[in-house]
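**Q** Sequence below, structure please.
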Amino acid sequence: MAMVEGSASTIINRPASEVFDAVADVTRMGEWSPECTGGRWVPPATGPAVGAKFEGDNIVKIGPITLKRWTTTSEITDYVPNEVFGFVAEGYTSWRYEFRDHDGATSVTESFSHKPHEGWQKFVYDTVARRSNAMVKGMQQTLTRMKETLEH
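**A** Alright, predicted model coming up:
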């Protein structure tokens, strides 16, 4: 069974340490993401480390209409400063950011993977909502907004 995957990338004209620190500070994701409206560390965690947990508040809208609000609990699975930041949300969707030096700037790639939906969820998420496409579009918006913030 093939995993459902997607990714988006950009180059941010800032050092990898600055871009990595912004991504790894989950309390800032609401500044950039069209879906995640905010995040916080779950005690005893106060910052990023493998095994640290955090909550993220999310919303899906079509225009002014809110379709869904939810909060996820995630656990950091990969943490290599200036190289990789990864976590799994609700034990289901894996998210990963990879950072590479790009002539003094930073190439950052955000990706996700999860098992395919089955039954009615497959129809709703894959056919009606086209969820994977929306997630890729959202990741690109997040990276674009992050680039705008960090470069100014």
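**Q** From here on, just use CA atoms for contacts and neighbour counts.
**A** Noted.
**Q** Show the pLDDT at residue 113.
**A** For residue 113, the model assigns a pLDDT of 90.
**Q** Poorly predicted segments of this protein, please.
**A** 117-132 (pLDDT under 70).
**Q** the strands in it, which residues?
**A** Counting by DSSP state E, the chain has these strands, from start to end: 4-12, 36-41, 53-62, 65-80, 84-89, 93-102, 105-114.
**Q** Who does residue 66 form a beta bridge with?
**A** residue 61 (DSSP bridges).
**Q** returning to what we had before: could you save the strands of the chain as a markdown table and add columns showing mean neighbour count?
**A** Below are the strands of the chain laid out as a markdown table (neighbours: other C-alpha atoms under 10 Å):
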| stretch | mean neighbour count |
| --- | --- |
| strand 4-12 | 18 |
| strand 36-41 | 19 |
| strand 53-62 | 17 |
| strand 65-80 | 15 |
| strand 84-89 | 21 |
| strand 93-102 | 19 |
| strand 105-114 | 20 |
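**Q** okay if I get these as JSON lines plus distance to residue 47?
**A** Below are the strands of the chain laid out as JSON lines (distance: least, C-alpha to C-alpha, whole Å):
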{"stretch": "strand 4-12", "distance to residue 47": "23"}
{"stretch": "strand 36-41", "distance to residue 47": "7"}
{"stretch": "strand 53-62", "distance to residue 47": "9"}
{"stretch": "strand 65-80", "distance to residue 47": "10"}
{"stretch": "strand 84-89", "distance to residue 47": "12"}
{"stretch": "strand 93-102", "distance to residue 47": "17"}
{"stretch": "strand 105-114", "distance to residue 47": "20"}
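**Q** Out of those strands, which gets nearest to residue 140?
**A** Evaluated over these, closeness to residue 140 peaks at strand 4-12, with 5.4 Å, by C-alpha to C-alpha.
**Q** what's the angle from that closest one to strand 93-102?
**A** 30 degrees (axes from the mean of the first three to the mean of the last three C-alpha atoms, to 10 degrees).
**Q** could you say what helices and strands strand 4-12 packs with?
**A** Packing partners of strand 4-12 (3 or more C-alpha pairs under 8 Å, 6 or more residues apart in numbering; DSSP states H and E): strand 105-114, helix 131-151.
**Q** Note down every partner strand of that strand and its orientation.
**A** strand 105-114 (antiparallel).
**Q** what sits up against the strand it pairs with?
**A** 3-16, 19, 92-101, 139 (C-alpha atoms under 8 Å, 6 or more residues apart in numbering).
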